[in-house]
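1. sequence-free structure coming up:
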């Protein structure tokens with residue numbers, strides 16, 4: 001389609017059957033995380049940062065080249081997760097570590113833009129709540145994604 005951008009060769013390799021590489025960022029918050037503020041930040045700050053955050057990776061049928069195609073609408077409910085941990089614990093460090101291990105092994109689905117966020121509403125020994133960002137490495141390298149620090153208070 002017109003307007004599709006080619007995926008870089010490195011981006012194609014990072015999303016092949018050989019390798020599926022994601023970047024995982026963990027942000028500690030000194031106050032409990034407010035879902036509504038996260039949604040506003042995603043809509044008004046995160047998505048406008050780069051068109052690839054609103055694009056999916058597609059393969060051209062004619063030449064087999066992968067391209068970025070902008071989606072009509074990013075359905076945030078597909079990207080935002082709020083896990084439920086067992087009740088009654090004073091600190092949730094172990095639950096958080098187990099969850100991080102679990103999502104680290106799960107590939108991001110190519111049917112939607114290649115990122116997600118998890119809101120952790122449980123206190124740990126270092127935070128009142130956490131935000132976990134997973135972003136597929138094909139979206140960019142550390143330098144081109146470094147602007148995401150603006151979401152951290």
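-> Thanks, I have it. Keep in mind that this is a model prediction, so the values were computed, not measured.
2. any idea how far the helix or strand bottoming out on mean pLDDT in the chain is from the chain center?
-> Lowest on mean pLDDT, DSSP states H and E among the helices and strands of the chain sits helix 9-13, with a mean of 75. A distance of 18 Å separates the centroid of the chain from that of helix 9-13, by Cα atoms, centre = their mean, to the nearest Å.
3. in that helix, what's buried?
-> Buried positions in helix 9-13, judged by neighbour count with 16 or more other Cβ atoms under 10 Å: 11, 12. (C-beta placed from N, C-alpha, C; glycine too.)
4. need the next SSE after it, C-terminal direction.
-> Using DSSP states H and E, the next helix or strand after helix 9-13 towards the C-terminus is strand 22-29.
5. what pairs with that following strand, parallel or antiparallel?
-> Take DSSP bridges as the rule and strand 22-29 pairs in its sheet with strand 129-136 (antiparallel).
6. tilt between the helix ranked longest in the chain and strand 22-29?
-> Longest helix of the chain, by residue count under DSSP state H: helix 93-105. Computed by axes from the mean of the first three to the mean of the last three Cα atoms, to 10 degrees, the angle separating helix 93-105 from strand 22-29 equals 150 degrees.
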